[in-house]
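Peer 1: A structural model of the following input is requested.
(one chain, ligands or ions: 1)
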Amino acid sequence: MSELLNQLQRRRTFAIISHPDAGKTTLTEKLLLFGGAIQMAGTVKGRKAARHATSDWMEMEKERGISVTSSVMQFAYGDGIVNLLDTPGHEDFSEDTYRTLTAVDSALMVIDVAKGVEARTIKLMEVCRMRDTPILTFVNKLDREGRDALDILDEIEQVLQIKCAPVTWPIGMGKRLKGVFDLRTETTHLFSATHGGKIQSGELIVGLDNPRLDEMLGDMAEELREEIELVRGASHALDLDAYLRGELTPVFFGSAINNFGVKELLDAFVQYAPAPRARETRQRLVEPAEEKFSGFIFKIQANMDPAHRDRIAFMRVCSGSYKKGMKMRHVRTGKTVQISNAITFQADERKHVEEAWPGDIIGLHNHGTIQIGDTFTEGEELKYEGIPYFAPELFRRVVLKDPLRLKALQKGVLQLCEEGATQVFRPLKNNDMILGAVGVLQFDVAAHRLKGEYGVEAIVEPVGVNTARWVQCDDPRMLEQFRAKAHENLALDGDDQLVYLAPTRVNLSLAEERWPDIRFLSTREL
Ligand code: G4P
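Peer 2: From the prediction side, this is the model:
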């Protein structure tokens, strides 16, 4: 087998999707522990602690300095090389979170057993749907009283419209938690709490009829046998093809903080999750095993290292391999660039990378020429598709303190928007600049950076916009009519695309009803 094929088949590139507080950080730490990257576990924890404490800009910058190193984590597990891409949550939630999901081959969904399916999970799942991303599910916090396991599966199926195939099953919950039962191997894994960093290992009992089960579980052994029979009858069987098509999710139960049920999850993950697959470009389907290199940019992060004030463009390698010093064609600009200082994000510091394979993420130094969605190749004219812009959910007007700085403001805002964490809208009716984002922290970041990097003192204030939709219509005359009638609510985005800014949801619905031939789109592809 060629080295390329060998390397790519070992790769598993994924992200964790969850609602804040479901346990993503804790689970990440445990996965890294199994992968032997123990120093990273500290990093994740440290970042979380920092996140709670930050408010001023210095802190924010410091935090971002740390978070980039942990925004891609690579570790070896068995024969596999796992790339875990962080999806910022909490306050630092932004469009990057969504776009990161376009750079993975599969996702891991974490659900809090007491809370079930929550809002952010629904949203992230929608994004996974766009590419039929295969999803494994981990139901977390079994050490607490939660909802009935069948109930949780039912909710996942109803709300997220995906079939559930339980792989492990909880034995008790909360104070009565005794372990998990693996439906594939009929093995019971007894629970033993270990809060420390140690890898958890409770007793394993093979076979559902094993008398050792009665010894250890008492009456609960019989309950388990009945329940397993019921579960087998009432739920979907594990169907890996359906999983790979994104139609079914294998479900695991456990407790991340106790490192319980995590090994089952990780073992299955490396076994089931797909290696890098073929990806669509505008021109053709590109196979990962093609000799020639190609990749695309899904995220740009600025000023990660306060000492350098540089920007890093995150590239997902899709085919071929990256070798230090190689020449690449930056397809949008048509220029050929030699890349000799791409970085990886392993361990605490950034290291220069010698080579990278499909599924890997490398960082390119960017001085403003690289944009989100850009494709790099070894010469071929290709454009990777499906890197979306999402309709923002929050809007603010930027107001200048010194009106003479308008030019600087416009330049600053447009450049910040190119990084993709905020979007700018310029209403047709006036000279306002409206920022849109999916996470509220982005507005503070924008104001701070306008001041720090462009010398513009600006404030952001509330504005009467509730939601935005990109407007398209096949009939130019109809579009003109619409432009004239809806002038008050129309704006141009950073790319001069027409956008409808709706003051309320009701207003949007009315506009959609009134203009059936106009498409109001909540995402726009780059
Ligand atoms: P997130 O990244 O998804 O936001 O969640 P995170 O891992 O930070 O977990 C959120 C809270 O839930 C944390 O408590 C964490 O300790 C707790 N947690 C995670 N897994 C489990 C589990 O299996 N069982 C129980 N009982 N709790 C769990 P916290 O008090 O908010 O933070 P901390 O002070 O413990 O760090």
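
Peer 1: Helix or strand with the lowest mean pLDDT in this structure?
Peer 2: helix 38-53 (a mean of 43; mean pLDDT, DSSP states H and E).

Peer 1: Verify the assumption that Ile156 is located in a strand.
Peer 2: No. Going by DSSP: H, G, I helix; E, B strand; the rest coil, the assignment for Ile156 is helix, not a strand.

Peer 1: Could you report the separation of it from Val440?
Peer 2: Separation of Ile156 from Val440 (CB to CB, to the nearest Å) stands at 28 Å. Heads up, the C-betas are built off the backbone N, CA and C, glycines and all.

Peer 1: what helix or strand does Leu153 sit in?
Peer 2: According to DSSP states H and E, Leu153 maps onto helix 149-160.

Peer 1: do the same with Glu291
Peer 2: Using DSSP H and E, Glu291 sits within no helix or strand.

Peer 1: Can you name the residues that contact it?
Peer 2: 4, 320 (CB atoms under 8 Å, 6 or more residues apart in numbering).

Peer 1: if I pick the residue nearest to Trp515 when sequence neighbours are not counted, what's in contact with it?
Peer 2: Spatial nearest neighbour of Trp515, chain neighbours left out: Phe482 (5.8 Å); criterion: CB to CB, 6 or more residues apart in numbering. Phe482 makes contacts with 471, 473, 515, 518, as judged by CB under 8 Å, 6+ apart.

Peer 1: One more: Leu428?
Peer 2: 483, 487, 490-492.

Peer 1: 7 Å instead?
Peer 2: Leu428 makes contacts with 487, 490-491, as judged by CB atoms under 7 Å, 6 or more residues apart in numbering.

Peer 1: Heading C-terminal from the helix or strand that contains Lys411, find the next helix or strand.
Peer 2: Per DSSP H and E: Lys411 is located in helix 406-418. Using DSSP H and E, the next helix or strand after helix 406-418 towards the C-terminus is strand 423-427.

Peer 1: From the contact counts, what lies against that following strand?
Peer 2: helix 406-418, strand 434-437, strand 490-493, strand 498-502 (3 or more CB pairs under 7 Å, 6 or more residues apart in numbering; DSSP states H and E).

Peer 1: one more time with 6 Å
Peer 2: Applying 3 or more CB pairs under 6 Å, 6 or more residues apart in numbering; DSSP states H and E, we find strand 423-427 packed against helix 406-418, strand 490-493.

Peer 1: and these, which is most packed in?
Peer 2: Comparing the helices and strands packed on strand 423-427 by mean neighbour count (mean count of other CB atoms under 10 Å), strand 490-493 ranks first with a mean of 19.

Peer 1: ok, and what's touching that one?
Peer 2: Strand 490-493 is contacted from outside by 425-428, 499, 501, using CB atoms under 6 Å, 6 or more residues apart in numbering.

Peer 1: The same query, at a cut-off of 7 Å, please.
Peer 2: Here strand 490-493 makes contact (CB under 7 Å, 6+ apart) with 423-428, 434, 483, 498-501.

Peer 1: Same question for stretch 207-218.
Peer 2: Applying CB under 7 Å, 6+ apart, the set of residues contacting stretch 207-218 from outside is 171, 178, 186, 188, 190, 205, 221, 224-225, 228.

Peer 1: Filter the residues you listed down to the buried ones, PyMOL style.
Peer 2: The buried residues among these can be selected in PyMOL (16 or more other CB atoms under 10 Å) with this line:
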select buried, resi 171+178+188+190+205+221+224+228
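
Peer 1: sorry, back to before: and of the contacts of Phe482, the nearest to the ligand?
Peer 2: Lowest distance from the ligand to those (CB to the nearest ligand atom) belongs to Val471, with 36.1 Å.

Peer 1: Then that closest one would be within a strand, right?
Peer 2: Yes. Judged by three-state DSSP, Val471 forms part of a strand.

Peer 1: Name the nearest residue to it, sequence neighbours excluded.
Peer 2: With sequence-adjacent residues excluded and distances taken as CB to CB, 6+ apart, Val471 is closest to Leu498, at 4.6 Å.

Peer 1: mind listing what that neighbour touches?
Peer 2: Shown in contact with Leu498 (CB under 7 Å, 6+ apart): 471, 490, 492.

Peer 1: would you turn the residues you listed into JSON lines with pLDDT and distance to Val456?
Peer 2: Formatted as JSON lines, these follow (pLDDT from 0 to 100; distance: CB to CB, whole Å):
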{"residue": "Val471", "pLDDT": "96", "distance to Val456": "30"}
{"residue": "Leu490", "pLDDT": "97", "distance to Val456": "26"}
{"residue": "Leu492", "pLDDT": "95", "distance to Val456": "21"}
